[in-house]
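1. Next come a sequence and a model predicted from it.
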Amino acid sequence: MNLKLKVWRQENADDPGHFGIYMVQDIAPDMSFLEMLDFVNENIIADDGDPIAFDSDCREGICGACSMVINGVPHGGQQGTTACQLHMRHFCSGDTVTIEPWRATAFPVHRDLIVNRTSFDRIQQAGGFISVRTGSVPDANATPVPKEDADLAMDAAQCIGCGACVAACKNASAMLFVAAKVSHLSLVPQGQPERERRAIAMVKQMDKEGFGNCTVTGACEAVCPKEISIDFIGRLNREYGRAILKKGNA
Amino acid sequence: MVAKKKIAKSKGKTSINKTSRNSADSMKVSSRVKKPFILKPNIPPGPISEKWNKHRFNLKLVTPANKRKFEIIVVGSGLAGASSAATLAELGYNVKCFCYQDSPRRAHSIAAQGGINAAKNYQNDGDSVYRLFYDTVKGGDYRSREANVYRLAQVSVDIIDQCSAQGVPFAREYGGLLANRSFGGAQVSRTFYARGQTGQQLLLGAYSALNRQIGLGKVKMHCRTEMLDIVLVNGHAKGIVVRDMVTGKISRHSAHAVVLATGGYGNAFFLSTNAKGCNVTATFRAYKRGAAFANPCYTQIHPTCIPVSGSHQSKLTLMSESLRNDGRVWVPKDKKVAEKIRKGELKPSDVAEKNRDYYLESKYPSFGNLVPRDLASRNAKEVCDEGRGVVASGLGVYLDFTDAIQRMGENTVRERYGNLFDMYEKITGNNAYQNPMTIYPAVHYTMGGLWVDYNLMSNLPGLFAIGEANFSDHGANRLGASALMQGLADGYFVLPYTIGQYLAEIGEGDRPSLDDPAFISVQDEVECRINTMLSIKGERTPTSFHRELGQIMWDKCGMERNKTQLQEAIKLIPRLRQEFWSNVKIPGENASLNQNLERAGRVADFLEFGELMCRDALQREESCGGHFRSEHQTTEGEAKRNDDDFSYVSAWEYMGENKKPKLHKEPLKYEEVKMTQRNYK
């Protein structure tokens, strides 16, 4: 198939950026979206052009590296699918496809479609953990975890940290991401001692990084490649409220 | 300045000779103090069950107050890297951790699906440390080091406790206790899992421990930073040279010791289930500085992957082996029928039962579709080579669930394998409830790696290798659910003890300054190499070289190898390498984010490393585990080991550019486990 690509080109964080237009031919329906970009890049290099920079690594939907908005929707709009698992058979010859990076203050662009997501790491560093020293732990079966809790924790823990939720949100809020981690750790007994501390610290860091507020429109849930439920945002709000009441706004 | 002069000289078309001279030159300061090449495994004496305990007692300690005076570099942030960096920092050491991804959470450990083994015996089904040890040695086809494997089995139980305490949401039973599943190569249920995302959850556990230490200031994390070389001072590993992948800045980092947790080299084949960025550069650079590379020919080919769909293919996707529990593998008996299927003239359902060849069931009546990975893979290749493959490329066989759906109903099949069927449909566009899946083997894991002693230290003092980057625990074949176990065992429970011995011996003063001539010289070399590559300005992209190398490796050093083909590969690869150094085309410059430059550096190393893999496969005149030499098989077509001549670890010493590497042998002694021939008929 033949496509017209409109791709965001930006040399670095300081460059204002622009759309580049690429007419591409002979796209096979079995190509993944990223393989299509690989193919386009090989042609760009052959023509002495500047290839399109984009992040990807595992290419099987689990590492969370790929991060592009395709035709206005993060990851391209196939339910529960990352861009690397999106295949060209969902496009038609003659289509114009617009490709942009995640757009959010907290995710500055490094180059073209590659953004800096270290703000997510810093939120995790603020409290997204259970403080255990290697070796000084009880036997795993000494702390039973009800199956329902473990399953729900796993639903939240599946987050791949890609940032699509932020990219989809009109406020660029990171609530779904933070909610997933806070929920996961507050649902298991091992996470109880630091429960309040964690919720307060992570929310505080999230605000500090420049993510916007949540107005519960649910765009995040709709694009999440792991289909993480917006219910967890309700849970985060409750965890945060509970923590403030218990500990005060530290 | 020095570097600039060299570039000026090498402007224009650069020949292979020039590059080789560059690298040879610079060896002068950095590693000229050549120590004799000694491989001392340092296996502690005494009964196998006592070795680790006694050894831990005998290891020297660094007192708590002194630990903060030591600096340790950890390269890689997967299971091994993240767990070791976090644990070392907890102990009080100052750690610098490096990864090429934008976040440590994205290391490729994240993609492991199945689970993690541990000898907990929670199912009361007769498991024990000894049994896990025995299964691992046998599964490795008697080519691993007994003492290391026993220790792995011993610490496996602590891993589950550790991860559980970190909040890893392992699968649970209704009573709240941990659930287990069984896995290939074992008769007990000892595999712990978190749905089909065990690797992800374990890595996020290790990442959370790492984050805590980053937050506390004990680990300095460097993301989007690629290690390009290692620095030796007086023969000891004392630092690394890295490139900031956003700005292109090359910088030096010194430490008291360097830990490589940089994974495997499956991407030598271009197409593999590894992530796109996985590469051999860190371990290969260490090899070029004098570290021994062990068993590079041992690669594991996984039988149930989605077949290649065209020349655009960038990587392969694995589907859990559990599919073989209920799916039946077949191809048409007649290759003319297969040809019609490939052309789309026939559908699989058009092939009558009597015209189908369920080759695994007929050849291995007792194990059937559940034979070990290497057998399933090799047989698929065999039928496809006969012209009976069923996908357009000819390289694919059916995995058919029709019988399972009839027997159990579609809903039960959906409950068991729904996520895999969904993934299959996403990638191929086909519904596997209605038509059989097509599968083909793909490179998946590499058992070889840097040679290490019992302390996980390479033959270069101060250089440690952990996880998939080392060689010691899986022999010639890794069992399912053992990679996660080994990565975390090394990182949480082995290295943090054993590194203390080295640090206590050298003392806190032994950390060279960044202005040491060895550091300056290695940085010069790295910059020179980059500039040389950029100045070639040829016709072919790094990816096109990588694809071609991958094809050579797959054809001649893949699932089945023989002398003629390996010798051909050893001729072809240097030619391709030569072309690379005169005809590679890298757009852009060093001083910015340049993905083709990153790729080119990795491909350049694979172009040398691939040859080493072939040389190793050539010298090992036997078949064992993942290494199958067609000259060495039983009359029934099974792998035939030669224990008299080949029960050794092959450890290669680098001898210089375009020179034959030197083979050293570490003999393997089996005192506990009796060596037998595997039989799955």
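-> Everything's here; your move.

2. Where does chain A get nearest to chain B, residue-wise?
-> The minimum distance from chain A to chain B, using Cβ to the nearest Cβ, falls at A:P144 (2.8 Å). C-betas here are computed from N, CA, C, even on glycine.

3. thinking that residue is in contact with B:G175, fair?
-> Yes - here A:P144 reaches B:G175: they are 6.5 Å apart, a contact under Cβ atoms under 8 Å.

4. When those two are compared, which one has more neighbours?
-> Higher neighbour count among A:P144 and B:G175: A:P144, with 16 against 9, using other Cβ atoms under 10 Å in any protein chain shown.

5. Let me know the pLDDT of the more buried one.
-> A:P144 carries a pLDDT score of 97 in this model.

6. Quick one: residues contacting it.
-> B:172, B:175-177 (Cβ atoms under 8 Å, 6 or more residues apart in numbering or on different chains).

7. Of those, which count as buried by neighbour count?
-> B:172, B:176-177 (16 or more other Cβ atoms under 10 Å in any protein chain shown).

8. Closest one to chain A out of those, please.
-> Comparing these against chain A with Cβ to the nearest Cβ places B:G176 closest, at 2.8 Å.

9. Let me know the secondary structure of that closest one.
-> With DSSP: H, G, I helix; E, B strand; the rest coil as the basis, B:G176 sits in coil.

10. excluding its backbone neighbours, what's nearest it?
-> A:P144 (2.8 Å; Cβ to Cβ, 6 or more residues apart in numbering or on different chains).

11. any idea which element B:K220 lies in?
-> B:K220 is part of strand B:219-222, with elements assigned from DSSP states H and E.

12. got a list of what the closest residue to A:A83 other than its chain neighbours touches?
-> Excluding the flanking residues, the one nearest A:A83 by Cβ to Cβ, 6+ apart is A:C66, at 4.4 Å. Applying Cβ under 8 Å, 6+ apart, we find A:C66 in contact with A:34, A:54-56, A:59, A:75, A:82-84, A:162.

13. Can you list the low-confidence ranges for chain A?
-> Applying pLDDT under 70 to chain A flags the ranges A:249-250.

14. can you tell me which helix in it is longest?
-> Scanning chain A for the helix with the most residues, using DSSP state H, yields helix A:231-247.

15. And the residue nearest to B:G176, its phi and psi?
-> phi -70, psi 140 (degrees, to the nearest 10).

16. Ok, the one 4 residues further on next?
-> Phi and psi for A:E148, reported as degrees, to the nearest 10, are phi -60, psi -40.

17. One more: B:V329?
-> Phi and psi for B:V329, reported as degrees, to the nearest 10, are phi -90, psi 130.

18. which residues of chain A fall in strands?
-> Taking DSSP state E, the strands of chain A run over residues A:3-9, A:18-24, A:68-70, A:73-74, A:96-101, A:109-111, A:114-115.

19. Neighbours of B:K665, how many?
-> 13.

20. swap that for A:K4, please
-> 13.

21. surely it meets A:Y22?
-> Yes - contact criterion Cβ under 8 Å: A:K4 and A:Y22 qualify, at 7.4 Å.

22. Show me chain A divided up by domain.
-> Per automatic domain parsing, the structural domains of chain A span A:3-43+A:50-111, A:118-247.

23. In CSV, list the ones you listed along with distance to B:I48.
-> Shown next, in CSV, are the domains of chain A (distance: least, Cβ to Cβ, whole Å):
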stretch, distance to B:I48
domain A:3-43+A:50-111, 37
domain A:118-247, 22
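
24. Of these, which is nearest B:T635?
-> domain A:3-43+A:50-111 (40.0 Å; Cβ to Cβ).

25. Please state the offset of that closest one from the chain centre?
-> Counting by Cα atoms, centre = their mean, to the nearest Å, domain A:3-43+A:50-111 is centred 15 Å from the centre of its parent chain.
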